[in-house]
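*Asks:* Mind looking at a prediction? Sequence and model below.
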Amino acid sequence: MKKSLLIFAFVLTAALAQAQEKGDARLQLGGEFGFNSELFGLNIGAEYFVVDRISAAPNFTIFFPDYGSASNLNVDFRYYLTEGILQWYGLAGFTNHWASVDFGSSTITSSTQGANIGAGGVLKFADRLAFNPEIKYQAMSGGQAVFRLGLVYFIN
């Protein structure tokens, strides 16, 4: 009985496994929340596998502050630890945050840069769709933890 269950589990895993191979591409749309800034934003991104298991994942977020405007550009590199329906990854990258506040006759703008480090996962629930939760730390002028939840579309 144990042997049959083990064989069944192996066959099921092999049938559902999908590798992250060079040339694969994905699109992502979701929400992002910065814990220190307490800002929520709309995030759009893409992912391209430059080699097997390693991808470049640029994404852009527009935040909705009470006053002014804010946005964030991230260029992250992900290393996938697992394959299949649930794909875990670690990430490292670069972030640039812009903010501006208009005071009638003058506008104050700022731009800060830093590094990203974090982890996330891709959980497939359909043939070409998946959820993508991610948590990362942005090391820039005080730094902050960021949580992002997105919907991923597999292009190929």
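*Replies:* Thanks, I have the structure now.

*Asks:* Around Phe49, how many other residues sit close by?
*Replies:* As a burial measure, Phe49 scores 20 neighbours (other C-beta atoms under 10 Å). Quick note: C-beta positions are derived from backbone N, CA and C, even for glycine.

*Asks:* who does it bridge with?
*Replies:* Counting by DSSP bridges, Phe49 forms beta bridges with Ser55.

*Asks:* Same question for Lys136.
*Replies:* Gly118, Val146.

*Asks:* what separates it from Phe147, distance-wise?
*Replies:* The gap separating Lys136 from Phe147 is 8 Å, by C-beta to C-beta, to the nearest Å.

*Asks:* and the two? which has more neighbours close in?
*Replies:* A direct count of neighbours by other C-beta under 10 Å for Lys136 and Phe147 places Lys136 higher, at 24 against 15.

*Asks:* which residues make contact with stretch 52-70 from outside it?
*Replies:* The contact list for stretch 52-70 (C-beta atoms under 8 Å, 6 or more residues apart in numbering) reads 19-22, 24, 28, 32, 34, 37, 39-50, 71-80, 91, 93, 97-102.

*Asks:* Just the CA trace of it, in PDB.
*Replies:* In PDB, the C-alpha atoms belonging to stretch 52-70 read as follows (Å, rounded to 0.1, in the frame of the first residue of the first chain):
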ATOM      1  CA  ASP A  52      17.100  28.000 -16.200                       C
ATOM      2  CA  ARG A  53      15.800  28.900 -12.600                       C
ATOM      3  CA  ILE A  54      17.000  32.500 -12.800                       C
ATOM      4  CA  SER A  55      14.800  35.300 -14.000                       C
ATOM      5  CA  ALA A  56      14.800  39.100 -14.300                       C
ATOM      6  CA  ALA A  57      11.600  40.600 -12.900                       C
ATOM      7  CA  PRO A  58      11.200  44.300 -13.300                       C
ATOM      8  CA  ASN A  59       8.000  45.900 -11.900                       C
ATOM      9  CA  PHE A  60       6.500  49.300 -11.400                       C
ATOM     10  CA  THR A  61       4.100  50.500  -8.700                       C
ATOM     11  CA  ILE A  62       2.000  53.600  -8.500                       C
ATOM     12  CA  PHE A  63       1.000  54.500  -4.900                       C
ATOM     13  CA  PHE A  64      -2.000  56.400  -3.800                       C
ATOM     14  CA  PRO A  65      -0.900  58.800  -1.000                       C
ATOM     15  CA  ASP A  66      -3.300  61.300   0.600                       C
ATOM     16  CA  TYR A  67      -1.200  64.200  -0.900                       C
ATOM     17  CA  GLY A  68       1.000  64.300  -3.900                       C
ATOM     18  CA  SER A  69       2.200  61.300  -5.900                       C
ATOM     19  CA  ALA A  70       4.600  58.400  -5.400                       C
END
